[in-house]
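>>> return atomic coordinates for the entry below.
(one chain, ligands or ions: 1)
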Amino acid sequence: MTRFVCVLGGVALAALLAVPAVAAENKDIIDYRINLMKTLGEQASAMGKIAQGKVDNADNLAIHAEIIAMTAVAAKKAFEPKVVGGTSTQAVWDNWKDFNDRFTALEVAAKDVAAASKAGGMDAAKPKVGALFTCKSCHDIYRTKN
Ligand code: HEC
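As a prediction, this is how the structure comes out:
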């Protein structure tokens, strides 16, 4: 009896795992890339507060810049599966090279800010922070209005 229940349990578990897999997978893929984009949003906002002198945390500027650079790299992978949804448009996958190049540009700009901050502190980093905010130019092309 125990064994029977166990087999039944196994089948039920397999069914549970198998049936919603396709739908859940796409949702997870979309959620995952949104997780990364939210990270960019939070880090960019934290950086802005430091650069504008609203909080006195100059030592953290390079850390935020490095997180942005790493997240830009991770984002390329996150968008690899072609799953139109969230606020992403079909153009992401139609213009894949341009889309990727924009994340590379963000990575390069963020590393530049981090290096300047480490070498010369806030004074050296501040003029470079603006170059990081390429966000809107990408969103204008690759996101639906929402
Ligand atoms: C290479 C293009 C690209 C760049 C560069 C980019 N984004 Fe995005 N971003 C997207 C796309 C595409 C989406 C839509 C994701 C989805 O819903 O599938 C998005 C979504 C978002 C979202 C919405 C997440 C949500 O809650 O749905 C935020 C916030 C965001 N990006 C912040 C930023 C910030 C901040 C930067 C710059 C530091 C940035 N992004 C740079 C393409 C980009």
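>>> flag every buried residue along the helix or strand in which Ala46 is found.
Ala46 belongs to helix 21-51 when assigned by DSSP states H and E. Within helix 21-51, the residues scored as buried using 16 or more other C-beta atoms under 10 Å are 29-30, 32-33, 36-37, 39-40, 43-44, 46-47, 50-51. To be clear about C-beta, it is placed using only N, CA and C from the backbone, and glycine gets the same treatment.
>>> what sits closest to the residue of the chain found nearest the ligand if chain neighbours are left out?
Nearest residue of the chain to the ligand (C-beta to the nearest ligand atom) works out as Gly86 at 2.3 Å. Once flanking residues are discounted, Gly86 sits nearest to Ile30: 4.5 Å by C-beta to C-beta, 6 or more residues apart in numbering.
>>> of the buried residues of helix 21-51, which are in range of the ligand?
Checking the buried residues of helix 21-51 against the ligand by C-beta under 6 Å from any ligand atom, the ones in range are Ile30, Arg33, Met37, Leu40, Ala44.
>>> nearest to Asp56, of the residues you listed?
Of all those, Asp56 sits closest to Ala44, with 18.7 Å by C-beta to C-beta.
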